[in-house]
Every structure is written in C-alpha cells, then in structure tokens.
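S.K.: Provide a 3D model corresponding to the input given below.
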Amino acid sequence: MSTADIILLRCAGRLTQTQWAEVQKLAAEAGAGKARAYSNAEEAYVYFDLKAPRALGRDEVAALEGRVSALAGGTKVSGLALGMTNDLPGVSKGFPAPIHYVVEMDFAPGSEAELTKWYATEHLPGLASVTGCVRARRYMSEAGRSFAAYDLQSNLVPESAAWMKWRDTPEANRLRPNFLNMKRGVFLVL
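M.R.: Numbering: from 1, shown residues only. So this is what the prediction gives:
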C-alpha cells in the first residue's frame, strides 16, 4: 500500500465525450477533488487528483480500473497510484494548455537518487522556464517508475530550441544511459 496524490488510469483507445462524462462522476467516489483526461489516437490518460494524499491499496485501484473499463466499452485500463515529487508553474502559467506531454521511464538500479535530484534541480525547472510551458509536474509510482507531465500551449513546444536546450544539457546527456523503458506521449485535453 502506498501514499498517493493521484490515481492515473491509462486506457487503451480513445474516450468519447460521453464516456468521459461518466468517468468524471467516479472522481467523487474515488475521493478525488478533480478529474482530468487527455487523449490521443491510441490511448487516454485519466488522472484523479485526490483531495489529500492517502494510502491506496491495489484493490482500490483495480476496482477503478474495472469501473472505467466498463464505462469505456470494455477497453483495457491499467491504473497506478502516483505520488507527486515536483509541481512547478510554467513561465506561461495562466494561458490555455490544450497539450499534455508525458515522459515515463524507469531508472537503472542505483541511479534513482541522482536522477531525482537532477529532475528537481535542473530538468523540471529548466523545462518549466520554456515559453509555452504552463505547468511541469513529476510523479513516482510505488514501483519506482517516473512520470514527468507537462501542460503546454502547443505540441511544438517540445520541439523548440529552448526545450531542446534543457533536454541536451551536459548533465542530462551524462545521466541518459540510466533511463530505461522510456515512453513519450502527446495528448489533447478532453
């Protein structure tokens, strides 16, 4: 059992607006103050922001997986309880953010502390300083998987020279061999 700030439900396939409306109703039942959803052609990410951090058992997350799967027409849903490690306002705070960019990864054994420090002191603050970044957050799963999530004004922000500057720092390049099982996703707000 872990202490979580959010529940992330990853759904295979898109959610329709009708399905999303039904999923939102589950937020209150899950003790969430807010539900957020993002989708692309292959999948949807649904976040239940818990009102306060609390311990979540696997049974509780599995029950939500089943309910969301049923509401989404039987689509495969995998859920995770995530704890927030960083939450930074971006330089473009207050502007609309129709794009949600997520980078997931595991860390090579023994590199967790160094990578966590790098994220907190260089990487996330640097990316949050890029024009077009509205918010930068990082979460960790109980199993140690990292989820960096950026709310952006445009899908072009991660391709900008300013963004690439922070992706390709000497420290980032030195640490990159420790990034395992990386997955990137660009989503639109539902």
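
S.K.: against G66, how distant is the most centrally placed residue in the chain?
M.R.: Centroid-nearest residue in the chain: A149, 4.2 Å away (criterion: CA atoms, centre = their mean). Using CB to CB, to the nearest Å, A149 is found at 25 Å from G66. The C-beta positions use only the backbone N, C-alpha and C, and glycine is treated the same way.

S.K.: before we move on, what about S160?
M.R.: From S160 to G66 the distance is 41 Å (CB to CB).

S.K.: please say which of those two ends up with more neighbours.
M.R.: Using other CB atoms under 10 Å as the criterion, S160 and G66 rank with S160 on top: 14 against 11.

S.K.: residues in contact with stretch 156-169: which ones?
M.R.: 99, 101, 122-123, 126-127, 129-133, 150, 152, 172, 186 (CB atoms under 8 Å, 6 or more residues apart in numbering).

S.K.: tally of neighbours for A30?
M.R.: 20.

S.K.: residues in contact with P89?
M.R.: A128, V134, R135.

S.K.: please read the previous query as pertaining to S111.
M.R.: S111 touches L175, N178, counting by CB under 8 Å, 6+ apart.

S.K.: and the gap between it and F179?
M.R.: 9 Å.

S.K.: do the same with A162
M.R.: From A162 over to F179 (counting by CB to CB), the distance is 21 Å.

S.K.: what's the helix or strand of the chain with the lowest mean pLDDT in contact with?
M.R.: The weakest-scoring helix or strand in the chain, judged by mean pLDDT, DSSP states H and E, is helix 17-29 (a mean of 87). When contacts are defined by CB under 8 Å, 6+ apart, helix 17-29 is touched by residues 15, 33-35, 37, 46, 48, 64, 67-68, 71-73, 190.

S.K.: so of those, which ones are in strands?
M.R.: G33, K34, A35, A37, V46, F48 (DSSP state E).

S.K.: and F48, what is it in contact with?
M.R.: I6, I7, L9, L26, A27, A30, A32, K34, A35, L64.

S.K.: quick check: bridge partners of the closest residue to it other than its chain neighbours?
M.R.: Closest residue to F48 apart from its sequence neighbours, by CB to CB, 6 or more residues apart in numbering: A32 at 3.8 Å. Beta-bridge partners recorded for A32 (DSSP bridges): L50.

S.K.: give the contact list for A32.
M.R.: I7, F48, D49, L50, K51.

S.K.: and the residue nearest to Y101 when sequence neighbours are not counted, what's its pLDDT?
M.R.: Distances taken as CB to CB, 6+ apart put Y150 closest to Y101, at 4.5 Å, once the chain neighbours are dropped. Y150 is assigned 98 on the pLDDT scale.

S.K.: how far away is Y150 from G13?
M.R.: Following CB to CB, the distance that separates Y150 from G13 is 23 Å.
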